[in-house]
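Visitor: coordinates for the following, if possible.
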Amino acid sequence: MGEPIAPKVFAVQVGISRVAVSRIENGKAWPRSETLKRMMAIFELDWAQVAEVGPNAGPHPRMPDTNQKWSASSSL
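Guide: The predicted structure is shown next:
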C-alpha cells in the first residue's frame, strides 16, 4: 500500500466535501456511483474487491444515488 491520504486531500481528489467523506465513513451516507468509482480509482480497486456476490440481482434497499435520510435505528 502507498502512503496514507489526508482526509481533506482525499475529499478534493474525489470531488466531494470533507463532511461528505466523514458521513460516508460513519455510515450516515452512501457515495453516489460516480463518487464510488472515483474512490475506487484512487485506491486502484475493482468491483471484485469492493462488492460481494449474492443471490439478489436487484438494487440495495438503501440505494446509494438517493438522498435518503438514515440513522442507526433505521430498519432496512
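
Visitor: do you know how far the residue located most distally from the centre of the chain is from Pro31?
Guide: Here the centre of the chain is the reference, and by CA atoms, centre = their mean the most remote residue is Pro55, at 21.6 Å. For Pro55, the distance to Pro31 (CB to CB, to the nearest Å) stands at 24 Å. The C-beta positions use only the backbone N, C-alpha and C, and glycine is treated the same way.

Visitor: repeat that for Gly54.
Guide: 20 Å.

Visitor: please name every helix or strand in contact with the longest helix seen in the chain.
Guide: The single longest helix within the chain, with elements called by DSSP state H, is helix 33-42. Contact here means 3 or more CB pairs under 8 Å, 6 or more residues apart in numbering; DSSP states H and E; on that basis helix 33-42 packs against helix 7-14, helix 47-50.

Visitor: make it 7 Å
Guide: Packed against helix 33-42 by the contact rule (3 or more CB pairs under 7 Å, 6 or more residues apart in numbering; DSSP states H and E) you find helix 7-14.

Visitor: give me the contacts around the helix it packs on.
Guide: Residues from elsewhere that reach helix 7-14, judged by CB atoms under 7 Å, 6 or more residues apart in numbering: Ser17, Arg18, Ala20, Val21, Thr35, Arg38, Met39, Ile42.

Visitor: one more pass at 8 Å, please.
Guide: By CB atoms under 8 Å, 6 or more residues apart in numbering, the surrounding residues in contact with helix 7-14 are Ile5, Ser17, Arg18, Ala20, Val21, Ser22, Thr35, Arg38, Met39, Ile42.

Visitor: re earlier: distance of the residue farthest from the centre of the chain from Ala48?
Guide: Distance of Pro55 to Ala48, computed by CB to CB: 17 Å.

Visitor: so how far is Met39 from the residue nearest to the spatial centre of the chain?
Guide: Nearest residue to the geometric centre of the chain (CA atoms, centre = their mean): Pro31, 3.9 Å. Distance, Pro31 to Met39, using CB to CB: 7 Å.
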